[in-house]
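> Give me coordinates for this.
(2 chains)
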Amino acid sequence: MTIRPPEESALPVRTPRVNMASLAIQTHGLTKVFGKQAVVGGIDLAVPSGTVFGFLGPNGSGKTTTIRMLLGLAAASSGEINLLDGVMPRDARAVLPRVGALVEGPAIYPFLSGRANLQRFDAADRHTSPSTRNARVDAALERVGLGHAATKRAHAYSLGMKQRLGIANALLAPRELLILDEPTNGLDPQGTREVRNLIKSLSDDGTTIFVSSHLLAEVEQMCSMVAVMSAGRLVAQGTLDELRSEGIARVRVTTPDHVEARRVLAGLGLDTETHGRDDVVTAELSVPGLLPETVNAALVRADVRVRGFETSGASLEDRFVALTGEGFDVAG
Amino acid sequence: MLSEITVLFRRLRTWAMIGALALIPVLIAVVVRVSSDGSGSGRGPAFLNSITQNGLFVSLTALTVAIPLFLPLTIGVVAGDTIAGEANLGTLRYLLVAPAGRIRLLLVKYAGAALFCFVATLTVVVTGGIIGALLFPVGPVTLLSGDTVGIAGYFVRLLLLALYVTVSLLGLSAIGLFISTLTTIPVGAMAATAALAAVAQILGALPQLEWLHPWLFTNYWLGFADLLREPIVWTSFADNALLQAGYIAVFGTLAYGRFSTKDILS
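So this is what the prediction gives:
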């Protein structure tokens, strides 16, 4: 786990030390340049098999472009991609049938029914069996709750129904890896919940799931691991807990002996902050390995009368904002 | 492949175009029938006057009328839509991650367009035959060489003719396929393809550009008269096929070169 502030992002991100064979997706220095701009600037993804992996980043941070390269839709300007046991795009024929994908929203033939749409996509892969096609299509439609609308023309589908159809397309065959780009886009809260449950049940079956999202809450609820993109760079990668703990906690001491308290904290290497109130001392726990309880013990040992002692861990949202920057500016 | 054909022929648009093509012989036959009550001879393209004597000429006349404009227009729509249409819908990315394979997709798309050429041409010929038989007397046909063939023999010739016209349109289809790989806006590819057909015909009509004419894909479009002689003269058929094959090779290669490495960003 490595967390870096965005301004240092020229440095490479260390990939977690995981056995090669157990990675469903791995990239080395993956880069995509459009014109002069690096939309994806040398990222090293490592997605272990069997995880639900969140690919987080604000709009325009290069998530979809990365996914396009993973799937062989766009060629990488430089870098390597390993997808399952193959190298993309060289082994696309062998690898892609085992990968289900939703890329940048669903796409449909409006003049065909939902079922005919899926039959068309299924037929596009020459390795699928035509004899099981109807059964598989219907099973996928049922799984996303579109069974009742299967024969309806797709142009009459709502945004949420189209999204479900797109997810159904990814589930036409048993997959080893699912790459889902913003799967809950356009879904109502029930639909979002269903997708979460669906992802969980697929994950329980052993499918590796790579979900991109700009919604932190969503990733937090579904994923065990996460990578954070910002302006084309991978700024963090690891488990959710690792990401959380990378956040800098704070202590807040309420005490009448604030001068002495400041001295103690400074002695531990912390920078105290001044506030309007004299009886409150706050500081970031910026010293690695320094625990709040150690701070409190030091205060008590120095006879500081502690009236209140609070610690606050950085929330995941704080981490996300710290990593990707704040505000509405779309990167790029 | 089957899927491609189903999708093509499940579109309302495809049927609208086929319907419009079917209308050509009907229109010709009806107009000639209505106006032929008088003297029987008027002005108009070749064959037009023969219709009153023999309804089987409707197919031939309709084909002659359709070749310069209506057929290229509909082929432009189908061929221009091949890749650009999928890209525009966004379905191209899902076909490719299925994975359909880029070369395979191109081949299937081209085969679909070629099939449409044949169906479109056949539509003109068959409706022409039917409406001609309904409105005019039908009998043995005198060929350009002066020989006479029976109705069955004539239909064999018409089928050959439909085949000739289909082959004629294959080069244009290949051009359309290539243009279609350049853009994600299908209308642009359609218009460009149809416009090229018009340009080629205009160039073909300029005597100053005689040297260029054998290289235009439209050069043999109306050269099907040889199929109406006894015995059939195959030279123009062969020349046409060779020319179209050249266009297919060149533009097929270009389309492959473009599409095999193209970033699909739609």
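
> Contact partners for A:Asn169?
A:100, A:102, A:106, A:117-118, A:121, A:140, B:94 (Cβ atoms under 8 Å, 6 or more residues apart in numbering or on different chains). From N, CA and C alone the C-beta is placed, and that goes for glycine too.

> hmm, 6 Å instead?
A:118, A:121 (Cβ atoms under 6 Å, 6 or more residues apart in numbering or on different chains).

> do the one 3 residues further on as well
Neighbouring residues of A:Leu172 by Cβ under 6 Å, 6+ apart: A:122, A:136, A:140.

> Name the SS class of it, please.
What DSSP: H, G, I helix; E, B strand; the rest coil gives for A:Leu172 is coil.

> Do the helix ranked longest in chain B and chain A come into contact?
In chain B, assigned by DSSP state H, the helix with the most residues is helix B:102-135. No: interface with chain A: helix B:102-135 contributes nothing (Cβ under 6 Å from any Cβ of the partner chain), its closest point being 7.2 Å away.

> Rounded mean pLDDT for that helix, please.
For helix B:102-135, mean pLDDT is 91.

> who does the helix or strand that it is followed by pair up with?
Next in sequence after helix B:102-135, counting helices and strands by DSSP states H and E, comes strand B:141-142. Strands that pair with strand B:141-142, judged by DSSP bridges, come out as strand B:148-149 (antiparallel).

> Now the helix or strand that the partner strand is followed by: buried residues?
Using DSSP H and E, the helix or strand that follows strand B:148-149 in sequence is helix B:151-182. Within helix B:151-182, the residues that count as buried by 16 or more other Cβ atoms under 10 Å in any protein chain shown are B:154-155, B:157-158, B:160-182.

> ok and helix B:151-182 relative to helix B:102-135, angle-wise?
Put simply, helix B:151-182 runs at 140 degrees to helix B:102-135, going by axes from the mean of the first three to the mean of the last three Cα atoms, to 10 degrees.

> buried ones in stretch B:197-214?
B:197, B:200-201, B:203-204.

> With stretch B:100-110 instead?
B:100-102, B:105-110.

> Return the closest of these with respect to chain A.
Of all these, chain A sits closest to B:Ala100, with 4.0 Å by Cβ to the nearest Cβ.

> which residues does that closest one contact?
Counted by Cβ under 6 Å, 6+ apart, B:Ala100 has contacts A:Ala124.

> send the alpha carbons of stretch A:242-251 over as PDB?
Extracted C-alpha coordinates of stretch A:242-251, given in PDB (Å, rounded to 0.1, in the frame of the first residue of the first chain):
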ATOM      1  CA  GLU A 242      -5.100   0.100   4.300                       C
ATOM      2  CA  LEU A 243      -6.400   3.100   2.600                       C
ATOM      3  CA  ARG A 244      -8.300   4.200   5.700                       C
ATOM      4  CA  SER A 245      -5.300   3.700   8.000                       C
ATOM      5  CA  GLU A 246      -3.200   5.700   5.700                       C
ATOM      6  CA  GLY A 247      -5.300   8.700   6.700                       C
ATOM      7  CA  ILE A 248      -3.700  10.900   9.300                       C
ATOM      8  CA  ALA A 249      -5.600  10.800  12.600                       C
ATOM      9  CA  ARG A 250      -6.000  13.800  14.800                       C
ATOM     10  CA  VAL A 251      -6.000  14.200  18.600                       C
END
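
> Tell me how many other residues crowd the residue lying closest to B:Trp215 once chain neighbours are set aside.
Computed as Cβ to Cβ, 6 or more residues apart in numbering or on different chains, the closest residue to B:Trp215 that is not its neighbour in sequence is B:Leu243, at 7.9 Å. For B:Leu243, the count of nearby residues is 21 (other Cβ atoms under 10 Å in any protein chain shown).

> In terms of helices and strands, where is B:Leu243?
Assigned by DSSP H and E, B:Leu243 belongs to helix B:235-260.

> quick one: buried residues of the lengthiest strand in chain A?
In chain A, taking DSSP state E as the definition, the longest strand is strand A:23-34. Buried residues in strand A:23-34, counted by 16+ other Cβ under 10 Å: A:23-28, A:30-32.

> closest to A:Val306 among the residues you listed?
Set against A:Val306, the nearest of those by Cβ to Cβ is A:Leu23 (48.2 Å).

> quick one, what contacts the closest one?
A:46, A:48.

> residues from chain B in reach of chain A?
B:3, B:11, B:89-91, B:93-95, B:97-100, B:263-264.

> just to revisit the earlier point, including distance to A:Leu270 and secondary structure, could the buried residues of stretch B:197-214 go into TSV?
Shown next, in TSV, are the buried residues of stretch B:197-214 (distance: Cβ to Cβ, whole Å; DSSP: H, G, I helix; E, B strand; the rest coil):
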residue	distance to A:Leu270	secondary structure
B:Ala197	79	helix
B:Ala200	81	helix
B:Gln201	84	helix
B:Leu203	83	helix
B:Gly204	87	helix
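
> In TSV, list those residues along with pLDDT and distance to A:Glu194.
Shown next, in TSV, are the buried residues of stretch B:197-214 (pLDDT from 0 to 100; distance: Cβ to Cβ, whole Å):
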residue	pLDDT	distance to A:Glu194
B:Ala197	92	51
B:Ala200	92	55
B:Gln201	91	57
B:Leu203	92	60
B:Gly204	89	61
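
> of those residues, closest to chain A?
B:Ala197 (26.3 Å).

> how close does the closest one get to B:Met190?
Applying Cβ to Cβ, to the nearest Å, the value for B:Ala197 to B:Met190 is 11 Å.

> now swap in A:Pro48 and tell me
48 Å.

> beta partners of the closest residue to A:Glu273 other than its chain neighbours?
Distance criterion Cβ to Cβ, 6+ apart; nearest residue to A:Glu273, sequence neighbours excluded, is A:Thr282 at 5.1 Å. When assigned by DSSP bridges, A:Thr282 has beta-bridge partners A:Arg252, A:Glu273.

> Point out the residues in the stretch 51-200 of chain A that sit beside chain B.
A:71, A:73-74, A:92, A:96, A:101, A:103, A:107, A:111, A:120-121, A:123-125.

> which helix is the longest one in chain A?
helix A:189-204.

> in that helix, what counts as buried?
A:191-192, A:194-196, A:198-199, A:202-203.

> could you dump these to CSV with pLDDT and distance to A:Gly308?
Below are those laid out as CSV (pLDDT from 0 to 100; distance: Cβ to Cβ, whole Å):
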residue, pLDDT, distance to A:Gly308
A:Gly191, 85, 44
A:Thr192, 88, 39
A:Glu194, 87, 44
A:Val195, 88, 43
A:Arg196, 89, 39
A:Leu198, 88, 46
A:Ile199, 90, 42
A:Leu202, 89, 47
A:Ser203, 91, 43
